[in-house]
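**Q** the following block contains a protein sequence and its predicted model.
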Amino acid sequence: MENDLALATEAALAAGKLLRAHFGKSLVVDEALHHDIKLALDKESQDLITEILLTARPGDALYGEEGIAGNPDSARQWIVDPIDGTVNFFYGIPHFCVSIALRVDGEITVGVIHDPMVGETWTVEKGGPPMLDGVPIQVSPRTTLEESILFVGCGKDTEALNTGIARFHKASLRARKMRMMGSAALGMAYIASGRLDAYVESTISLWDIAAGQLLVESAGGKVTLTQKPGKADSWAIVATNGKIPIEEIL
């Protein structure tokens, strides 16, 4: 029986192959909201991941953006975002990924983030080195905001949008560059790889950040999550290389 990391990687690569095959093609929109889009492909990707994971681990639970599957009482929960960056995908912007994490008794133990367009795969197990395509990675050594690149998300509701814009303005006066990239999971993978120095957002979903949290922390960074009141799936996040004074722009 393959280990959990190998299984998660297999599922992420399979879903990535599916997404790449459909990129740039005609897509079925299940739901179009003001600030978001739900594609039939989101569900198809999660169904494929679910089949791979729960066939190998039938006693596990799966908690994904497109619904819940498996044994809801299991202490082992796969946390899945089948397309992180759906709007990018829909508009033909090749910046999106598949994110899969395993949570056991409340602790993230495995994380995989796969970018099918660039062909990069980040993997990590609790207690082990974070990897990019099998090569160990670490966060950047940068220590000042003036030399940093920051990713600030603005969320979808009015409160999150206002908070994000205010932070973006404040940070823009200090940072070398600012980015709004459209994929929280890839943003965190980039922090773990030393490409970005911080990611801040006032409202984000668990499936967007679960794998990335383990990657960043294992690569030497710091992640602070604050649960949004009354919203079990939503968090405020501050993820950094652990060296820059991020509190100065919060």
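**A** Looks like it arrived, so ask away. Residues are numbered from 1 along each chain as shown.
**Q** pLDDT score for the residue lying closest to Asp157 once chain neighbours are set aside?
**A** Closest residue to Asp157 apart from its sequence neighbours, by C-beta to C-beta, 6 or more residues apart in numbering: Thr203 at 6.8 Å. Backbone N, C-alpha and C define where each C-beta goes, glycine included. Model confidence at Thr203, expressed as pLDDT, equals 87.
**Q** Thr203 is in what secondary structure piece?
**A** strand 198-205 (DSSP states H and E).
**Q** okay, now the sheet partners of that strand, with direction.
**A** Sheet pairing of strand 198-205 (DSSP bridges) gives strand 149-152 (parallel), strand 234-240 (antiparallel).
**Q** deepest-packed of these, please.
**A** strand 149-152 (a mean of 24; mean count of other C-beta atoms under 10 Å).
**Q** and the top helix by length along the chain, what other elements does it pack with?
**A** Looking across the chain with DSSP state H, the single longest helix is helix 4-22. Here helix 4-22 touches helix 40-56, strand 76-84, strand 97-104, strand 107-115, strand 120-125, going by 3 or more C-beta pairs under 8 Å, 6 or more residues apart in numbering; DSSP states H and E.
**Q** could you give the bridge partners of Arg76?
**A** Here Arg76, judged by DSSP bridges, has bridge partners Val104.
**Q** residues contacting it?
**A** Arg76 sits next to 57, 59-61, 102-104 when contact means C-beta atoms under 8 Å, 6 or more residues apart in numbering.
**Q** likewise His22?
**A** Leu41.
**Q** separation between it and Gly59?
**A** Noted for His22: a distance of 32 Å to Gly59, by C-beta to C-beta, to the nearest Å.
**Q** give me the mean pLDDT for the longest helix of the chain.
**A** pLDDT averaged over helix 4-22 gives 97.
**Q** so how far is that helix off the chain centroid?
**A** 15 Å (C-alpha atoms, centre = their mean, to the nearest Å).
**Q** between it and strand 107-115, how big is the angle?
**A** Interaxial angle of helix 4-22 relative to strand 107-115 (axes from the mean of the first three to the mean of the last three C-alpha atoms, to 10 degrees): 30 degrees.
**Q** Ile113: neighbour count?
**A** Using other C-beta atoms under 10 Å, Ile113 has 28 other residues around it.
**Q** what sits closest to Leu102 if chain neighbours are left out?
**A** Leu102 sits nearest to Val110 (C-beta to C-beta, 6+ apart), 3.9 Å away.
**Q** give the contact list for Leu186.
**A** Counting by C-beta under 8 Å, 6+ apart, Leu186 has contacts 84-85, 95-97, 113, 115.
**Q** domain assignment for the chain?
**A** If you go by automatic domain parsing, the domain ranges for the chain are 4-136, 145-249.
**Q** hey, which of those is tucked in deepest?
**A** Greatest burial across the domains of the chain, using mean count of other C-beta under 10 Å, falls to domain 145-249, with a mean of 20.
**Q** one step back: was I right about the residue nearest to Leu102 contacting Leu214?
**A** Yes: applying C-beta atoms under 8 Å, one finds Val110 in contact with Leu214, separated by 7.5 Å.
**Q** find residues that contact each of the two.
**A** Both Val110 and Leu214 are contacted by 101, 124, 126, under the criterion C-beta under 8 Å, 6+ apart.
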